[in-house]
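Asker: sequence and predicted structure below; questions after.
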Amino acid sequence: MKKKQLKVVRFVGTYLRDERGVTAIEYALIAATTGLALAATLPIVQTNLVDVYDRILGYFASI
């Protein structure tokens, strides 16, 4: 029974020291944060952009 416990302890230790997936998790968090920021700001940008296009259209309509 002690051999199995030792194997489990070694496996868990190796698993905890393994950092190969850390970079992928970091990139996923960055992508999620960027997506949330875009979702929060796009309605404001859309409103301002429509306003700009309306002004441009009004300018050309008056020429």
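Answerer: Thanks, I have the structure now. Being a predicted model, the structure only gives us computed values, none of them experimental.
Asker: so after the worst-scoring helix or strand of the chain on mean pLDDT, what's the next helix or strand?
Answerer: Of the helices and strands making up the chain, the lowest-confidence element is helix 2-17, at a mean of 80, by mean pLDDT, DSSP states H and E. Scanning forward in sequence from helix 2-17 by DSSP states H and E, the next helix or strand is helix 22-61.
Asker: report all helices and strands that that following helix contacts.
Answerer: Judged by 3 or more C-beta pairs under 8 Å, 6 or more residues apart in numbering; DSSP states H and E, helix 22-61 has no packing partners among the helices and strands. C-betas here are computed from N, CA, C, even on glycine.
Asker: average pLDDT for it, rounded please.
Answerer: For helix 22-61, mean pLDDT is 91.
Asker: make 670 the first number, not 1, from now on.
Answerer: From this message on, residue numbering opens at 670, which makes the last subject helix 691-730.
Asker: in that helix, which residues are buried?
Answerer: For helix 691-730, a neighbour-count test (16 or more other C-beta atoms under 10 Å) marks nothing as buried.
Asker: thanks again, I'm all set now.
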